[in-house]
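**Q** fold the following for me, if possible:
(2 chains)
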There are 2 protein chains.
Amino acid sequence: MNTKSSKSLIYGKNTVLEALLKNPKRLNKIYIQKNFSPDNRLKKIYNLARENKINIQYINLSKFDEYFEQKPNYQGIIAEVSPVEYIELEEFIENSKNKEGFRKILILDGINDPHNLGAIIRTATGVAMDAIMLPLHRSCPINATVEKISSGAVNHIPIIKTTSLSNSIDILKKNDYWVIATQMNASDNYYEIDYTDMNFALVMGSEGDGISKTILNKADYTVKIKTDFDSLNVSVATGVILYEAQRQIDLKQS
Amino acid sequence: MNTKSSKSLIYGKNTVLEALLKNPKRLNKIYIQKNFSPDNRLKKIYNLARENKINIQYINLSKFDEYFEQKPNYQGIIAEVSPVEYIELEEFIENSKNKEGFRKILILDGINDPHNLGAIIRTATGVAMDAIMLPLHRSCPINATVEKISSGAVNHIPIIKTTSLSNSIDILKKNDYWVIATQMNASDNYYEIDYTDMNFALVMGSEGDGISKTILNKADYTVKIKTDFDSLNVSVATGVILYEAQRQIDLKQS
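**A** Numbering: from 1, shown residues only, chains lettered A, B, ... in the order given. Here you go, the predicted model:
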């Protein structure tokens, strides 16, 4: 969603609530629609905002529309926020050094659609991925639409931004990560590899172009999802693979 | 996508091409953008249209915008079509009586978002579901956005529309279908049931309201998808379950 203001804005009750619960320092100001009938979530938002000393202003719906080029479903609330914080790969690796078990991260190579990016971040958070990595110049930014579609999941998962996906993958490999890339004509099905005994980095490419060749060449495994028709939507494909990994992990632990 | 015209319109190269390949009688007229540089798909469309004696008209981009309230990415082409044809449940059951093996159908209980509906139809076609069933009054219609997001898959899978989901499910059960419903607090995980030895009808509910109680009460199985955060996007959740069923079927056949 393009905002007309240079400020970062988010909207929607769940989105604002998640940001308040997880990272209240991100919120600079909250705007609530005048005469909007308050429900439980709105009351919760109000109380948390008071607690965290965040300014609340009541404005007319017409005023809301001044903030956004398109008119999304605000659900009576928008908030001015600092952008989502990214973390450096080195910092992420350092932080996870002493944790038990294996790490799993998701790398998105050129996802440009905010709906797909939002849905993918929500899924990745749902299966407790350790982080998501995005290339700085070839990705949709984490904007208001992405944050809304993710149901605020962007506040719950470390997001690593990199200027060179290729270099970052080299660093991951040196740190004992195995790289899995998806490719239409791979010989292995996505369910034929064992996700339970390694740190893995799953790379998903854009629907149009797939994964770039440089990245494919660095992959330790390539896997496919068979389909009788066209390809899958990238957020569906990501869900299918991440939940297969999770199924294997659940079964091993049970 | 709301069209300003009362005619049914579709847009995008893949969408028009799929309709032409699968069901050329649906197309009444094709509009191609003047001076749009033709690629292979556009040439294929041109040839198929000629073959099927479908009128082609070259118009300016500004004219395209008269047809749509919002301005989607037309990719140089729109087409006037008859709506997607629905099939009656009785007809579907009759048609599939003499087919070998088990049937699998997907029932969508109140999916209102066209992006989700389009992505779900694409996934269902990808795993070769035998049909999709939609309730007439509680579903997003198969419009231009749904058809585009589905990559034209709406032309490849029988779509059953019903005025009473409840009655239709009774009919399915009498015809030896087992009904699987998804529910957040079900005790079984979606991967804990065997999809390979029965005709099944998987019911997915809307993200907001889930599956209606009447339908839940008719289910033979309820299953959940565990998530650490919120719920999954419904098109992702549908993909996860349908591909688990497909994984089981593939493994049994190999």
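**Q** what residues of stretch A:128-135 count as buried?
**A** A:129-135 (16 or more other CB atoms under 10 Å in any protein chain shown). For every residue, glycine as well, the C-beta is placed using N, CA and C.
**Q** for stretch A:132-150, same thing?
**A** Within stretch A:132-150, judged by 16+ other CB under 10 Å, the buried ones are A:132-135, A:139-140, A:142-150.
**Q** with stretch A:72-80 instead?
**A** In stretch A:72-80, counting by 16+ other CB under 10 Å, buried: A:74-80.
**Q** list of residues touching that stretch?
**A** Residues outside stretch A:72-80 that contact it (CB atoms under 8 Å, 6 or more residues apart in numbering or on different chains): A:1, A:7-13, A:16, A:19, A:27-33, A:36, A:42, A:45, A:61, A:64, A:67, A:144-145, A:148.
**Q** how about the residues of chain A by chain B?
**A** Applying CB under 8 Å from any CB of the partner chain, we find that chain A lies next to chain B at A:14, A:115, A:119, A:122-123, A:125-128, A:149, A:151-153, A:156, A:189, A:191, A:225-230, A:232-233, A:235-240, A:243-244, A:246-247, A:250.
**Q** re earlier: so which of the buried residues of stretch A:128-135 sits lowest on pLDDT?
**A** pLDDT across the buried residues of stretch A:128-135 is at its lowest for A:Pro135, which sits at 91.
**Q** was I right about that residue contacting A:Ile159?
**A** No - contact criterion CB atoms under 8 Å: A:Pro135 and A:Ile159 do not qualify, at 12.0 Å.
**Q** quick revisit: which of the residues of chain A next to chain B fall in strands?
**A** A:Asn189 (DSSP state E).
**Q** just the buried subset of the residues of chain A next to chain B, written out for PyMOL, thanks.
**A** To isolate the buried subset of these in PyMOL, counting by 16+ other CB under 10 Å, use the following:
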select buried, chain A and resi 115+119+122+123+125+126+127+149+151+152+153+156+189+191+225+227+229+230+232+233+235+236+237+238+239+240+243+244+246+247
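**Q** okay, now the domains of chain A?
**A** A:8-81, A:86-253 (automatic domain parsing).
**Q** hmm, back to that, looking at the buried residues of stretch A:132-150, which is nearest chain B?
**A** Comparing those against chain B with CB to the nearest CB picks out A:Ile149 as the nearest, at 7.8 Å.
**Q** contact partners for that closest one?
**A** Counting by CB under 8 Å, 6+ apart, A:Ile149 has contacts A:114-115, A:117-119, A:122, B:233.
**Q** in helices, which of the residues you listed appear?
**A** A:114-115, A:117-119, A:122 (DSSP state H).
**Q** identify the farthest-apart pair in those.
**A** A:Pro114 and A:Arg122 (12.5 Å; CB to CB).
**Q** just the CA coordinates of the worst-scoring helix or strand of chain A on mean pLDDT, formatted as CSV?
**A** Lowest mean confidence among the helices and strands of chain A (mean pLDDT, DSSP states H and E): helix A:61-65, at a mean of 81. Provided in CSV are the C-alpha atoms of helix A:61-65 (Å, rounded to 0.1, in the frame of the first residue of the first chain):
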residue,chain,number,x,y,z
LEU,A,61,-12.6,8.7,8.4
SER,A,62,-12.1,11.3,5.7
LYS,A,63,-8.9,12.2,7.4
PHE,A,64,-7.8,8.5,7.2
ASP,A,65,-8.1,8.7,3.4
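**Q** return the distance of it from the chain's centre.
**A** Put simply, helix A:61-65 sits 28 Å off its chain's centre (CA atoms, centre = their mean, to the nearest Å).
**Q** would you confirm that A:Ser206 contacts A:Val234?
**A** Yes - with contact defined as CB under 8 Å, A:Ser206 reaches A:Val234; the gap is 7.0 Å.
**Q** before we move on, back to that, would you turn the ones in helices among the contacts of A:Ile149 into TSV with pLDDT?
**A** What follows is these, written out as TSV (pLDDT from 0 to 100):
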residue	pLDDT
A:Pro114	90
A:His115	90
A:Leu117	95
A:Gly118	95
A:Ala119	95
A:Arg122	96
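**Q** out of those, which one sits closest to chain B?
**A** Relative to chain B, and with distances defined as CB to the nearest CB, the nearest of the ones in helices among the contacts of A:Ile149 is A:Ala119, at 4.4 Å.
**Q** out of the buried residues of stretch A:128-135, who's nearest B:Ile105?
**A** Of the buried residues of stretch A:128-135, the one sitting nearest to B:Ile105 (CB to CB) turns out to be A:Met129, at 32.4 Å.
**Q** hmm, that closest one is touching A:Ile157, no?
**A** Yes - A:Met129 is within contact range of A:Ile157, at 6.5 Å (criterion: CB under 8 Å).
**Q** so which residues of chain A form strands?
**A** Under the criterion DSSP E, chain A contains strands at A:8-11, A:27-33, A:55-59, A:77-81, A:86-87, A:104-109, A:131-135, A:159-162, A:177-182, A:188-189, A:199-205, A:221-224.
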